[in-house]
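S.K.: here is my input, please return the structure:
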Amino acid sequence: MAAPAEAKTEFLLPNHKGPWTLEDVLALPEDNSQRIELVDGMLYVSPLGSYRHQLLVGKMFAALDSACPPEFAATVELNVELTTGRLLIPDFTVIEPCDADITFPVSNVLLAGEVLSKSTRLKDLVVKRQVYAEAGVSYYLIIDPVKDVPEATLLELGDEGQYIEIARSENGVLTIKRPFPVTITF
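M.R.: Next up is the predicted model:
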């Protein structure tokens, strides 16, 4: 029989009964080593991205920021509050600026983007895609860094409330016309 593991005296998250709320999450101490998102009372905790992941996030931000029309702005790692009490933190966004503080209203998010990683792949491809669509985010941009040359896919919210692919990178280049023209080279 194995000996019981020694109990740790420090916890990353406090003990909590029942579903988590947005207020519970916002009351947690700041932790720059991980992301904490909230979907339907459940926390999604993931580590910060790898070096390559962060480089791709930076590249996406720079390209979108330089091409944004003046009424929009590009951001990284923004706390996006959904009307259902959900909280997501996209890797990068294009937003219509407003007077927001700790959380940013999803109604002002034009584009949400994620760079896939081992720890977030399923969540980004399934859960976040559905949650962003339900919230009415017009565009969802997914970057898959698995291959030597990352692949990017831009999805647009269709009339049926589902995302439809409107652009895919070819040979390391993504050219999009909507929501505004931009070409991104990986």
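S.K.: switch to C-alpha atoms for all contacts and neighbour counts from now on
M.R.: Noted.
S.K.: residues touching Tyr140, list them.
M.R.: Tyr140 makes contact with 111-113, 129, 132, 154-156, 163, according to Cα atoms under 8 Å, 6 or more residues apart in numbering.
S.K.: can you select the buried ones from these in ChimeraX?
M.R.: The buried residues among those can be selected in ChimeraX (16 or more other Cα atoms under 10 Å) with this line:
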select :111,112,113,129,132,154,155,156,163
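S.K.: and of the contacts of Tyr140, the nearest to Leu48?
M.R.: Nearest to Leu48 among those is Gly113, at 15.3 Å by Cα to Cα.
S.K.: helix, strand, or coil at Leu125?
M.R.: With DSSP: H, G, I helix; E, B strand; the rest coil as the basis, Leu125 sits in helix.
S.K.: gap between it and Thr153?
M.R.: As for Leu125, its distance to Thr153 is 11 Å (criterion: Cα to Cα, to the nearest Å).
S.K.: more neighbours: which of these two?
M.R.: Thr153 (17 against 13; other Cα atoms under 10 Å).
S.K.: quick one: the more buried one is in a helix?
M.R.: No: with three-state DSSP as the criterion, Thr153 is assigned strand and is not in a helix.
S.K.: what strand or helix carries the residue most central in space within the chain?
M.R.: Centroid-nearest residue in the chain, with Cα atoms, centre = their mean: Pro90, separated by 1.8 Å. Under the criterion DSSP states H and E, no helix or strand holds Pro90.
S.K.: residues contacting it?
M.R.: 76-80, 112-114.
S.K.: before we move on, the earlier item: for the contacts of Tyr140, give me TSV that also has distance to His53.
M.R.: Listed next are the contacts of Tyr140 as TSV, based on distance: Cα to Cα, whole Å:
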residue	distance to His53
Leu111	19
Ala112	16
Gly113	12
Arg129	19
Tyr132	21
Leu154	18
Leu155	20
Glu156	23
Tyr163	24
